[in-house]
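J.: Structure, please.
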Amino acid sequence: MMLPDKIDKSDIKEQVLVKDVMSKPVMTVEEGTSADRVAQLIERHRVGCLMVVGEGEKPLGIITERDLATRIVAKDLQPSKVHAEDVMTSPLITINPNETITEAARRMGRLNIRRLGVLPKGATKLIGIITSRDILKVMPELIEIVLEKKKIAEATLADFSEHLAMTGYCERCGNWSGNLKESNGDFLCEECID
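T.: Sure, this is the predicted structure:
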């Protein structure tokens, strides 16, 4: 999925969901695909990984550029004789499209991975992939929104406390007042403030 350069803040919900930022369609290969073909597809489509699927497009695993380097090149294997199922990382870790990107980021961090397949509950076919890069693309806008909400909350609180009348004894004259105001750290009645 291609994200716009700028995200309209009115489109941002309280919680951004995986389905809002995931990439789709998912690039897949069958488990019997040769590793050299996998590498060619990764290069042609300029992606960092391919999902490996079995019968009925059931997700089985993932092959990343790193998998190709460490499991084929580093072992001096012939890519045309190695299959996707021999090199893939399995099982594929997935996430529901209705989960938040916060949960996706937590899961990636906890498992030390950078990609999750997106699989609706009860489904057997992937509908997308979410990567740490997808999450990073929306973070600046989310941070701006959080800061704006904080400023609004602070302004509202300041406005509220400015109009809030305190009831109690004046700290200067000791008289009871229903309208104490704060002055230099002391709560004073109207007469002592004047």
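
J.: The worst-scoring helix or strand of the chain on mean pLDDT: how far from the chain's middle?
T.: Every helix and strand of the chain was ranked by mean pLDDT, DSSP states H and E. The lowest is helix 132-163, at a mean of 80. In terms of Cα atoms, centre = their mean, to the nearest Å, the gap separating the centre of helix 132-163 from the centre of its chain is 17 Å.

J.: cool, stretch 55-64 as well?
T.: Offset of stretch 55-64 from its chain centre (Cα atoms, centre = their mean): 23 Å.

J.: Touching it from outside, list them.
T.: 28-29, 31, 35, 38, 48-54, 84-85, 87-92, 94, 115, 117, 119, 124-126 (Cβ atoms under 8 Å, 6 or more residues apart in numbering). Every C-beta, even on glycine, is put in place using the N, C-alpha and C of the backbone.

J.: Now that stretch: buried residues?
T.: P59, L60, G61, I62, I63, T64 (16 or more other Cβ atoms under 10 Å).

J.: With stretch 116-133 instead?
T.: Those would be L116, G117, V118, L119, L126, I127, G128, I129, I130, T131, for stretch 116-133 by 16+ other Cβ under 10 Å.

J.: Span of that stretch from start to end?
T.: The straight-line separation of the ends of stretch 116-133 (Cα to Cα, to the nearest Å) is 12 Å.

J.: got a pLDDT number for the most centrally placed residue in the chain?
T.: Among the residues of the chain, the one closest to the centroid is I101, at 3.2 Å (Cα atoms, centre = their mean). I101 is assigned 94 on the pLDDT scale.
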